[in-house]
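Sequence below, structure please.
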Amino acid sequence: MAEPGVGLRYEFVNHEGDRVGVVAQRSGDFELVVYPGDDPDEARSVLRLTREEADTVAEILGAPRSAERFADLTREVPGLGAEQIEVRPGSPFAGRALGDTRARTRT
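Presented below is the predicted three-dimensional model:
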């Protein structure tokens with residue numbers, strides 16, 4: 001991880017050997033970059049995301065892993081389970097963020 005003047009840069013090498021970086025800008029926006037060589041100043045921008053767009057991508061990428069981890073946990077903890085519940089139009093929970101409904105606290 002490096003700290004350029006515009007925010008924080010996180011880097012990793014993927015399974016194909018590409019050096020990839022994510023620049024978390026102080027503005028809250030993000031930039032996905034790829035390095036064609038060894039010089040971190042030669043980064044090629046691949047994608048720019050607003051904070052909201054980055055949150056959406058993180059949720060999409062994290063959802064399968066979260067579900068997998070929870071499935072592992074349900075095998076380890078007797079009596080722990082999960083179900084999907086349909087929230088119908090007109091419900092006091094419809095259109096609201098889960099945290100705002102306090103549903104987790106109530107259940």
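
Run the chain-centre distance for the host helix or strand of Ala58.
Assessed by DSSP states H and E, Ala58 sits inside helix 51-76. Between the centre of helix 51-76 and the centre of its chain there are 8 Å (C-alpha atoms, centre = their mean, to the nearest Å).

Report how many residues lie close to the closest residue to Gln25 other than its chain neighbours.
Using C-beta to C-beta, 6 or more residues apart in numbering and skipping residues adjacent in sequence, the residue nearest Gln25 is Gly7, 4.0 Å away. Placement of C-beta: from N, CA and C, glycine included. Neighbour count of Gly7, defined by other C-beta atoms under 10 Å: 16.

which residues does Gly7 contact?
Val23, Ala24, Gln25, Arg26, Ser27 (C-beta atoms under 8 Å, 6 or more residues apart in numbering).

In PyMOL, how would I select just the buried ones from those residues?
The PyMOL command for the buried members of the contacts of Gly7 (criterion: 16 or more other C-beta atoms under 10 Å) is given here:
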select buried, resi 23+24+25
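
Tell me which of the contacts of Gly7 fall in helices.
Among these, no residue falls in helices (DSSP state H).

Which one of the contacts of Gly7 is nearest to Asp55?
Ala24 (12.3 Å; C-beta to C-beta).

partner residues bridging that closest one?
Leu8, Phe30 (DSSP bridges).

which helices and strands does the helix or strand following the helix holding Ala58 pack with?
Using DSSP H and E, the next helix or strand after helix 51-76 towards the C-terminus is helix 98-101. Judged by 3 or more C-beta pairs under 8 Å, 6 or more residues apart in numbering; DSSP states H and E, helix 98-101 is in contact with no other helix or strand.

Alright, I will stop here.
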